[in-house]
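Colleague: Got a predicted model here, sequence first, then my questions.
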Amino acid sequence: MYSLASAEPHPDIRQTLNIIQQGGRKAKAWLADKENAKFTLPALYQPFSLIPPYIWKASPSTTNGNEQAHRNINRDGIGLTLLAGIMRGYQYDSRMMSGMHLLATYGIGHRDTASTHVHRAKRAVSRKG
């Protein structure tokens, strides 16, 4: 199933789908769910998608950035009135802009290092050995 999550054309996609289909009740249900949904397989497998390959490959493989943005916004409060939401949004934007200015001017990030796949992989390797 993991081989479907790719930007490269699969050598024999139909045979792979047949193997999944014959993999048992859960595999059959998983595949049926993905085939019946309009956007699921195109979201996993670029050749089924309308997104050009150069854009597909340039985008991040996770949604961690989006999830972090939601967490940061929700940290300021939820269930606010419109005016309070606007004021909190302004405060959030001001904090983010000052952090961006600090990074652009002095090269100092608001964290020690960016939490990227490469950074996490290097940290994992250094912890193992």
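Modeller: Yep, that arrived.

Colleague: just for this structure, where's the confidence low?
Modeller: In the predicted model, the chain carries pLDDT under 70 at residues 1-3, 61-63, 65-66, 110-119, 123-129.

Colleague: the longest helix in it is where?
Modeller: Longest helix in the chain, counting residues (DSSP state H): helix 82-106.

Colleague: Return the set of buried residues in that one.
Modeller: Within helix 82-106, the residues scored as buried using 16 or more other C-beta atoms under 10 Å are residue 88. Every residue, glycine included, has its C-beta placed from N, CA and C.

Colleague: what residue of the protein is the furthest out?
Modeller: residue 83 (31.2 Å; C-alpha atoms, centre = their mean).

Colleague: Tell me where the protein has strands.
Modeller: Taking DSSP state E, the chain contains no strands at all.

Colleague: For it, which segments are assigned as helices?
Modeller: Counting by DSSP H, one finds helices in the chain at the ranges 13-21, 25-36, 40-44, 53-58, 64-75, 82-106, 117-128.

Colleague: Looking at the ones you listed, spot the one closest to residue 5.
Modeller: For residue 5, the closest of these is helix 40-44, at 5.0 Å, according to C-beta to C-beta.

Colleague: so how many other residues sit close to residue 31?
Modeller: By the criterion of other C-beta atoms under 10 Å, residue 31 has 20 neighbours.

Colleague: ugh, typo on my part, it should be residue 45
Modeller: Look at residue 45: counted by other C-beta under 10 Å, it has 21 neighbours.

Colleague: residues in contact with it?
Modeller: Neighbouring residues of residue 45 by C-beta atoms under 8 Å, 6 or more residues apart in numbering: 4-6, 10, 13.

Colleague: what's the distance between it and residue 36?
Modeller: 16 Å (C-beta to C-beta, to the nearest Å).

Colleague: Show me what the longest helix of the chain packs onto, helices and strands only.
Modeller: helix 64-75 (3 or more C-beta pairs under 8 Å, 6 or more residues apart in numbering; DSSP states H and E).

Colleague: now the angle from the helix it packs on to helix 82-106?
Modeller: Interaxial angle of helix 64-75 relative to helix 82-106 (axes from the mean of the first three to the mean of the last three C-alpha atoms, to 10 degrees): 130 degrees.
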